[in-house]
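Colleague: Starting from these lines, generate the structure:
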Amino acid sequence: MTGTFPVLWVDGTPIHEALAICEWTAEQFPEAGLWPDDGLQRAQARSLSAEMAANFTNLRTHMSCHPLARVPDFSPDGPTRVEIARVHELWNNALRASGGPFLFGRFGIADAMYFPVLTRFETYGVALPDPLVPYATAMHRLPAVRRWRALAADAPHVPVYDAYIEKLGGVVEAG
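Modeller: Below you'll find the predicted structure:
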């Protein structure tokens with residue numbers, strides 16, 4: 001491999017890119033219901049997931065993922081604000097159609113694909129519109145997210161990532 005991330009190794013074979021890993025997981029564990037049962041909802045969930053995988057380059061560039069950091073005075077540039085608004089639009093539409101608490105009713109791949117965006121919003125102080133707050137709350141209540149946060153808090157810090165946050169005027173929580 002050439003440093004592609006994320007990567008899942010299965011019996012010595014690498015599967016890289018988040019959406020491919022999610023698809024493999026859904027196929028191996030169909031009982032988990034990671035895609036909606038309804039064909040049209042499933043296509044919509046795949047569309048949202050593919051959009052996350054292929055787009056939002058400004059958000060990724062200007063709002064790095066660092067779940068233990070807070071950058072209170074961050075001000076996104078115009079193109080990044082457009083992408084933030086697009087994420088809010090996608091989440092609002094999916095939640096309105098499904099009734100929540102997750103994008104397509106129950107937790108699924110689309111939610112997993114957008115979870116890093118939720119953490120970026122928190123890191124950089126991007127407020128969620130009121131209708132999206134219950135979605136964020138539901139995501140944070142997931143046992144897997146709670147375990148992940150505990151692991152992140154106990155993980156060693158990576159100085160170069162912490163320095164980047166500090167350069168932006170942010171702070172990094174102690175682990």
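Colleague: Tell me how far Gly108 lies from Tyr124.
Modeller: Remark: distance between Gly108 and Tyr124 (C-beta to C-beta, to the nearest Å) = 26 Å. Using the backbone N, CA and C atoms, a C-beta is placed for each residue, glycine as well.
Colleague: Among the two, which residue is more densely surrounded?
Modeller: Between Gly108 and Tyr124, Tyr124 has the larger neighbour count (other C-beta atoms under 10 Å), namely 25 against 22.
Colleague: Name the nearest residue to Leu34, sequence neighbours excluded.
Modeller: Ala26 (4.2 Å; C-beta to C-beta, 6 or more residues apart in numbering).
Colleague: So the one you found sits against Ala20, correct?
Modeller: No. Between Ala26 and Ala20 there is no contact, the gap being 10.8 Å when judged by C-beta atoms under 8 Å.
Colleague: buried residues in the longest helix seen in the chain?
Modeller: Counting residues, the longest helix found in the chain (DSSP state H) is helix 78-98. Judged by neighbour count using 16 or more other C-beta atoms under 10 Å, the buried positions of helix 78-98 are Thr80, Glu83, Ile84, Val87, His88, Leu90, Trp91, Ala94, Leu95, Ser98.
Colleague: Give me the contact list for that helix.
Modeller: 41, 44-45, 48, 51, 55-56, 58-59, 62-63, 76, 103-105, 110, 114, 117, 121, 126, 128-129, 131-132, 135 (C-beta atoms under 8 Å, 6 or more residues apart in numbering).
Colleague: Swap in 6 Å and give it another go.
Modeller: 48, 56, 58-59, 62, 103-105, 117, 126, 129, 132, 135 (C-beta atoms under 6 Å, 6 or more residues apart in numbering).
Colleague: so for the next helix or strand after that helix, what's the average pLDDT?
Modeller: Later in the chain than helix 78-98, the nearest helix or strand by DSSP states H and E is helix 109-123. Averaged over helix 109-123, pLDDT sits at 97.
Colleague: how about Leu128, secondary structure?
Modeller: coil (DSSP: H, G, I helix; E, B strand; the rest coil).
Colleague: go on, the one 5 residues further on?
Modeller: Applying three-state DSSP to Val133 yields a three-state assignment of helix.
Colleague: so where's this protein shaky on pLDDT?
Modeller: 1-4, 175 (pLDDT under 70).
Colleague: mind giving me the domain split of it?
Modeller: 1-32, 36-172 (automatic domain parsing).
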